[in-house]
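> for reference, the sequence and a predicted model appear below.
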Number of protein chains: 2
Amino acid sequence: MNADDRLTRQIGFLVETEKLKGILRKTSPIHIERYENSAEHSWTLALMAMVLAEHTDEKLDVMRVLQMLLVHDLVEVDAGDTFCYDLAANATKADRERCAAERLFGLLPEDQEREFRQLWEEFEARESGEARFANALDRLLPLLQNFHNGGGSWREFGINVERALERQQPIAEASTALWGYARSIFEEAQERKLFQVNASANKS
Amino acid sequence: MNADDRLTRQIGFLVETEKLKGILRKTSPIHIERYENSAEHSWTLALMAMVLAEHTDEKLDVMRVLQMLLVHDLVEVDAGDTFCYDLAANATKADRERCAAERLFGLLPEDQEREFRQLWEEFEARESGEARFANALDRLLPLLQNFHNGGGSWREFGINVERALERQQPIAEASTALWGYARSIFEEAQERKLFQVNASANKS
């Protein structure tokens, strides 16, 4: 493949990734009354990694964390965002995302296809320290958003404290400090009754 | 400052940066009919740096480019986005953004305040190879967006080809390959008359 072909494929891939800006999650940015899209979500996670990297329990390659976070949601371009508390959608998530990875990363030149696919698979597997930290941030952000938005998706979808707390376990696997912080947020959220199941009143 | 105070300041900073998702630019993501916000814009630029880094004229520290791109628009949280073709707004841009940097980065612990401020100042100064490449991507993205959106902000705001071409010069300073690509886009855009000044018809 000559240099021009490489560049054409790379730009074609980047043009396709613009679609991530139209994929909506079920949480809202803090104090902004609309759902967050997966592109701006990925930006915040990368920024969080820059700011919070010192709090991990093991020494990490922060560059790898950034790269992983920048690409981790790209498969949603085809597969859509799967709401973490939607059991039916989660049953087919892995298959849908594998097909998406095949097509989307396949737009890149072969060496980069491998590189990007590995980053995504590493994130999903949660086996490396870098992947554990990246996953921890991916859980911490909606926690902060729901907390500062007066309950956010917890209230809107009637999520109780047990389910929300279980969802946050990856933070404990990556950082004692961030887990301590997350638990303090949970306690305050419970005091403020942000987990009170009151779905009908909040869906109007 | 103890560890808890540091973490509290860091999270306070991150909560504040959520506002970048409400700062709108004057270009739209490709095939999405709304203006792009500066958070999702920053995500694409970082992704572009990962994909296109091989095309720079000098060997670069890609991690530094990523960090710069992730923070380069944060001052807009206070200063707003300044449309590049708005001469009056550009006359006060530097002052507004300096004040914003003072307040926003000042939310971080001191060592990180210095680090983030240096990243932003390096981006703005365009003197390092990393900053030149980061700036080149910041120009290339709206070029791609306007091209694929049938003229986009060029048509909406009646920008002629000379002004648009002048605006793209930072690409030439960073990458012969990307500059060649940008020029080919310009030629095709001219053939398709995407620069045709027809502001009134497009502002309805």
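Great, that's in hand. This is a predicted model, so every value here is computed, not measured. Numbers count the residues shown, from 1 in each chain, chains lettered A, B, ... in the order given.

> so where's chain A uncertain?
Regions of chain A meeting the criterion pLDDT under 70 cover residues A:1, A:196-204.

> centroid residue for chain A?
residue A:138 (4.1 Å; CA atoms, centre = their mean).

> element containing that one?
Taking DSSP states H and E as the definition, residue A:138 sits inside helix A:129-148.

> other SSEs contacting that helix?
Packing contacts for helix A:129-148, counted by 3 or more CB pairs under 8 Å, 6 or more residues apart in numbering or on different chains; DSSP states H and E, involve helix A:38-52, helix A:62-71, helix A:110-125, helix A:152-156, helix A:169-174, helix A:176-191, helix B:3-17. Every residue, glycine included, has its C-beta placed from N, CA and C.

> and the third one with helix A:62-71, angle?
Direction vectors for helix A:110-125 and helix A:62-71, defined by axes from the mean of the first three to the mean of the last three CA atoms, to 10 degrees, enclose an angle of 90 degrees.

> so what touches helix A:110-125?
Applying CB atoms under 8 Å, 6 or more residues apart in numbering or on different chains, the contact partners of helix A:110-125 are A:10, A:64, A:67-69, A:71-72, A:74-75, A:101, A:105-108, A:128, A:130-131, A:134-135, B:51.

> for that helix, which positions count as buried?
A:112-113, A:115-117, A:119-120, A:122-124 (16 or more other CB atoms under 10 Å in any protein chain shown).

> so what's the gap between that helix and the chain middle?
Here the centre of helix A:110-125 is set off from its chain's centre by 16 Å, with CA atoms, centre = their mean, to the nearest Å.

> gap between the closest residue to residue A:159 other than its chain neighbours and chain B?
In space, and not counting its chain neighbours, residue A:159 is closest to residue A:85: 5.9 Å by CB to CB, 6 or more residues apart in numbering or on different chains. For residue A:85, the distance to chain B equals 22 Å [CB to the nearest CB, to the nearest Å].

> thought residue A:85 was touching residue A:162?
No. If you go by CB atoms under 8 Å, residue A:85 and residue A:162 don't touch, sitting 11.8 Å apart.

> quick one, which of the two is more surrounded?
For the pair residue A:85 and residue A:162, the greater number of neighbours falls to residue A:85 (16 against 9), based on other CB atoms under 10 Å in any protein chain shown.

> Three-state assignment for that one, please.
coil (DSSP: H, G, I helix; E, B strand; the rest coil).

> which residues touch it?
A:157, A:159, A:163, A:167.

> now residue A:24: phi and psi?
Main-chain torsions, residue A:24, degrees, to the nearest 10: phi -100, psi 140.

> mind listing what it touches?
A:35-38, A:81 are the contacts of residue A:24 under CB under 8 Å, 6+ apart.

> go on, residue A:179?
So residue A:179 contacts A:171-172 (CB under 8 Å, 6+ apart).

> state the distance from residue A:159 to residue A:189.
In this view, residue A:159 and residue A:189 are 11 Å apart by CB to CB, to the nearest Å.

> could you do residue A:95 as well?
Applying CB to CB to residue A:95 and residue A:189 gives a distance of 34 Å.

> hey, what's in contact with both of residue A:159 and residue A:189?
In contact with both residue A:159 and residue A:189: residue A:195, using CB under 8 Å, 6+ apart.

> ok, back up a step: out of the buried residues of helix A:110-125, which is nearest to residue B:56?
residue A:112 (15.6 Å; CB to CB).

> ok, back up a step: buried subset of the contacts of helix A:110-125?
Buried among these by 16+ other CB under 10 Å: A:10, A:64, A:67-69, A:71-72, A:74-75, A:101, A:105, A:107-108, A:128, A:130-131, A:134-135, B:51.

> I figured residue A:10 hits residue A:105, correct?
No. Contact criterion CB under 8 Å: residue A:10 and residue A:105 do not qualify, at 12.0 Å.

> point me to the helix or strand that includes residue A:94.
Assigned by DSSP H and E, residue A:94 falls in helix A:87-105.

> quick one: distance of that helix to the chain centre.
With CA atoms, centre = their mean, you get 15 Å for helix A:87-105.

> and that helix, what does it pack onto?
helix A:3-17, helix A:76-79, helix A:110-125.

> packing partners for the first one?
Going back to what we said before, that points to helix A:3-17. helix A:87-105, helix B:38-52, helix B:129-148, helix B:176-191.

> name the SS class of residue A:82, please.
Residue A:82 is classified as coil under three-state DSSP.

> backbone phi and psi for it, please?
The phi/psi pair for residue A:82 (degrees, to the nearest 10) is phi -100, psi 110.

> repeat that for the one 4 residues further on.
For residue A:86, the backbone dihedrals (degrees, to the nearest 10) come out as phi -100, psi 100.

> ok, it to residue A:25 distance?
Distance from residue A:86 to residue A:25, by CB to CB: 12 Å.

> show me which of those two is the more surrounded one.
The residue with more neighbours, out of residue A:86 and residue A:25, is residue A:25; 22 against 13, by other CB under 10 Å.

> contacting residues around that one?
Per CB under 8 Å, 6+ apart, neighbours of residue A:25: A:35-38, A:41, A:81, A:83, A:142.

> neighbour count added to the residues you listed, as JSON lines?
JSON lines is the format used below for the contacts of residue A:25 (neighbours: other CB atoms under 10 Å in any protein chain shown):
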{"residue": "A:35", "neighbour count": "15"}
{"residue": "A:36", "neighbour count": "25"}
{"residue": "A:37", "neighbour count": "26"}
{"residue": "A:38", "neighbour count": "24"}
{"residue": "A:41", "neighbour count": "29"}
{"residue": "A:81", "neighbour count": "20"}
{"residue": "A:83", "neighbour count": "14"}
{"residue": "A:142", "neighbour count": "23"}
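
> closest to residue A:21 out of those?
Nearest to residue A:21 among the contacts of residue A:25, with distances taken as CB to CB, is residue A:37, at 5.3 Å.

> in contact with that closest one, which residues?
Contacts of residue A:37 by CB under 8 Å, 6+ apart are A:20-25, B:40.

> just the residues you listed: which are in strands?
Members of the contacts of residue A:37 lying in strands (criterion: DSSP state E): none.

> turn the residues you listed into a markdown table, columns for distance to residue A:31.
Formatted as a markdown table, these follow (distance: CB to CB, whole Å):
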| residue | distance to residue A:31 |
| --- | --- |
| A:20 | 23 |
| A:21 | 20 |
| A:22 | 22 |
| A:23 | 22 |
| A:24 | 18 |
| A:25 | 16 |
| B:40 | 17 |
